[in-house]
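Colleague: no FASTA, just this:
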Ligand SMILES: [Fe+2]
């Protein structure tokens with residue numbers, strides 16, 4: 001049994017690191033950490049995770065690694081042994097990872113070839129600055145996939161995630177691993193790519209303040225502010241560097257400890273996509289969330 005405890009972070013391939021660093025530091029509310037990693041850049045939020053976002057230079061944008069947390073180094077070793085015994089192809093063996101922080105883990109690929117890290121750390125990063133309106137951690141990310149039903153099965157059967165909710169006709173599956181309603185979504189698409197990545201802020205007020213920072217810098221939302229039906233989270237999406245879609249979110253459903261969650265089907269439509277009725281996805285949002293560049 002693989003016991004993923006959280007979505008730890010995301011490392012992206014970026015074609016414009018310098019511009020991206022400026023964006024994430026001055027507008028998105030993250031802080032670049034010191035690392036001896038060449039032109040790569042790593043960012044912390046105000047939570048305890050060593051870093052939640054990494055950017056590595058590349059000629060093509062895309063996902064480098066999706067990072068999931070395991071409870072302990074022993075759990076890393078046990079998970080590796082279990083996956084290996086089940087015949088899962090693994091990319092390396094458990095070791096200290098060549099990224100900032102003291103992470104011990106290994107890598108495998110999902111069905112679409114996206115690299116996944118399973119890691120543990122005994123170090124927590126108590127951040128010095130506590131901007132109450134800055135992102136605290138990653139909330140969730142959503143992947144596009146030509147066979148999202150098979151990809152959903154992979155994350156459930158192979159990595160132990162659980163189905164939270166889904167949209168009718170296999171359009172979209174929400175997957176969970178802890179009290180949070182979802183940490184991963186898989187959407188049906190014509191390609192494998194990042195649909196969007198969401199950053200958790202304290203509450204609705206913090207989200208509106210983040211929107212204010214973006215608006216004052218000339219960034220209009222791609223979609224939002226609004227509130228989703230599945231997960232009940234408030235949201236606002238923006239276009240970030242490399243045309244990645246970034247979301248500020250808060251108030252995602254937390255399933256009380258020890259309580260069962262019964263997954264349910266949702267009907268696609270504007271009334272569920274945004275229960276506030278403040279509008280649906282713009283054409284640009286649809287295009288960028290489908291993994292296309294602007
Ligand atoms: Fe989202």
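Modeller: Right, received. Where do you want to start? From a predicted model like this one, the values you see are computed outputs, not experimental measurements.
Colleague: Which pLDDT value goes with the one residue in the stretch 151-294 of the chain that gets nearest to the ion?
Modeller: With C-beta to the ion as the measure, residue 198 is the residue of the stretch 151-294 of the chain nearest to the ion, at 4.3 Å. Heads up, the C-betas are built off the backbone N, CA and C, glycines and all. Among the per-residue scores, residue 198 shows a pLDDT of 98.
Colleague: quick one: it and residue 180, what's the gap?
Modeller: According to C-beta to C-beta, to the nearest Å, residue 198 and residue 180 sit 11 Å apart.
Colleague: In terms of neighbours, single out the busier of these two.
Modeller: residue 198 (27 against 19; other C-beta atoms under 10 Å).
Colleague: Next SSE downstream of the helix or strand hosting the more buried one?
Modeller: Assigned by DSSP states H and E, residue 198 falls within strand 193-200. Once strand 193-200 ends, the next helix or strand along the chain (criterion: DSSP H and E) is helix 204-216.
Colleague: hang on, the earlier thing: need the overlap of contacts for residue 198 and residue 180.
Modeller: 139-140 (C-beta atoms under 8 Å, 6 or more residues apart in numbering).
Colleague: residues from the chain in reach of the ion?
Modeller: Neighbours of the ion within the chain, by C-beta under 5 Å from the ion: 198, 247.
Colleague: before we move on, back to that, list the neighbouring strands of the strand holding residue 198 plus their orientation.
Modeller: strand 137-145 (antiparallel), strand 245-250 (parallel) (DSSP bridges).
Colleague: Need the winner for burial among the ones you listed.
Modeller: Ranked by mean neighbour count, the strands paired with strand 193-200 are led by strand 245-250 with a mean of 24 (mean count of other C-beta atoms under 10 Å).
Colleague: Need the residues that contact the strand holding residue 198.
Modeller: For strand 193-200, contacts defined as C-beta under 8 Å, 6+ apart pick out 10, 12, 28, 45, 52-53, 62-63, 135-144, 185, 187, 189, 235, 237, 244-250, 252, 289-291.
Colleague: now the angle between helix 204-216 and that strand, please.
Modeller: Relative orientation of strand 193-200 versus helix 204-216 (axes from the mean of the first three to the mean of the last three C-alpha atoms, to 10 degrees): 120 degrees.
Colleague: hey, what's the residue of the stretch 151-294 of the chain closest to the ion bridged with?
Modeller: Beta bridges link residue 198 to residue 140, residue 247 when assigned by DSSP bridges.
Colleague: Could you look up the SS state of residue 25?
Modeller: With DSSP: H, G, I helix; E, B strand; the rest coil as the basis, residue 25 sits in helix.
Colleague: Share the number of residues neighbouring it, please.
Modeller: Neighbour number of residue 25 under other C-beta under 10 Å is 14.
Colleague: Now do the contacts for it.
Modeller: Listed by C-beta under 8 Å, 6+ apart, the contact set of residue 25 reads 31-32, 43.
Colleague: same deal with residue 171?
Modeller: Contacts for residue 171 were tallied using C-beta under 8 Å, 6+ apart; they are 187-188, 268.
Colleague: which among these end up buried?
Modeller: By neighbour count, with 16 or more other C-beta atoms under 10 Å, the contacts of residue 171 hold 187-188 as buried.
Colleague: Correct me if wrong: residue 168 contacts residue 265.
Modeller: Yes. Residue 168 is within contact range of residue 265, at 5.6 Å (criterion: C-beta atoms under 8 Å).
Colleague: Flag the shaky bits of this structure, pLDDT-wise.
Modeller: Across the chain, residues meeting the criterion (pLDDT under 70) sit at 127-129.
Colleague: Where do the domain boundaries of it fall?
Modeller: Domain assignment for the chain by automatic domain parsing gives 6-121, 137-289.
Colleague: Adding distance to residue 131, write those domains out as CSV.
Modeller: What follows is the domains of the chain, written out as CSV (distance: least, C-beta to C-beta, whole Å):
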stretch, distance to residue 131
domain 6-121, 6
domain 137-289, 9
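Colleague: Out of those, which is closest to residue 130?
Modeller: Nearest of those to residue 130, taken as C-beta to C-beta: domain 6-121 at 5.7 Å.
Colleague: Fine, thanks again, bye for now.
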